[in-house]
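# sequence and predicted structure are below.
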Amino acid sequence: MRFKSMLILSGAALGIGGCAPVDPGFGEALRYDMAVQTIDPDPQYPADASQPGDNGEKAQKAMERYRKGTTKGLRRESAGGGSAGGGGGGVGGGNTPGS
């Protein structure tokens, strides 16, 4: 008898749950993530970057510069325009290692 009542109660709960309205945005995050990870069929490459099918000439020149010690300097970029100081974290609270 107890099994029968549990079966009826479970069926009723499933029936009521099936009638609930579905949000039209349900699953949007999954669809967005899938779209972001889709390979671009027509990628745009910068002019000075290596292109698909390059013959390795740029890599060869870069290796020669590396071996001679005449590599191109790094370009500094800033993420923000503010001049606020950062508060270090860690053990000593300072920004230098071991402080």
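Received it, and whenever you're ready, just let me know what you need.

# and Gln37, how close does it get to Asp23?
With the distance defined as CB to CB, to the nearest Å, Gln37 ends up 23 Å from Asp23. C-betas here are computed from N, CA, C, even on glycine.

# confidence score at Gly93?
In the prediction, the pLDDT value recorded for Gly93 is 50.

# er, Gly11 actually
For Gly11, the model assigns a pLDDT of 78.

# number of residues surrounding Lys58?
Counted with other CB atoms under 10 Å, the neighbours of Lys58 add up to 13.

# just how off-centre is whichever helix or strand it is part of within its chain?
With elements taken from DSSP states H and E, the one containing Lys58 is helix 57-68. Here the centre of helix 57-68 is set off from its chain's centre by 31 Å, with CA atoms, centre = their mean, to the nearest Å.

# now stretch 27-40
Using CA atoms, centre = their mean, the distance between the centre of stretch 27-40 and that of its chain works out at 12 Å.

# with stretch 2-19 instead?
Offset of stretch 2-19 from its chain centre (CA atoms, centre = their mean): 43 Å.

# for stretch 45-64, same thing?
From the chain centre to the centre of stretch 45-64 is a distance of 26 Å (CA atoms, centre = their mean).

# same question for stretch 37-53.
For stretch 37-53, the separation from the chain centroid amounts to 18 Å (computed by CA atoms, centre = their mean).

# how about it: buried residues?
Within stretch 37-53, no residue is scored as buried using 16 or more other CB atoms under 10 Å.

# gap between Leu74 and Lys61?
Remark: distance between Leu74 and Lys61 (CB to CB) = 18 Å.

# between these two, which has more neighbouring residues?
Looking at Leu74 and Lys61 with other CB under 10 Å, you find the greater number of neighbours at Lys61, namely 10 against 6.

# so where is the protein shaky, pLDDT-wise?
Along the chain, segments meeting pLDDT under 70 span 15, 17-18, 20, 81-99.

# 50 instead, please
Screening the chain residue by residue with the criterion pLDDT under 50, one finds the ranges 99.

# just give me the longest helix of it.
When the chain is scanned for its longest helix (criterion: DSSP state H), the result is helix 2-18.
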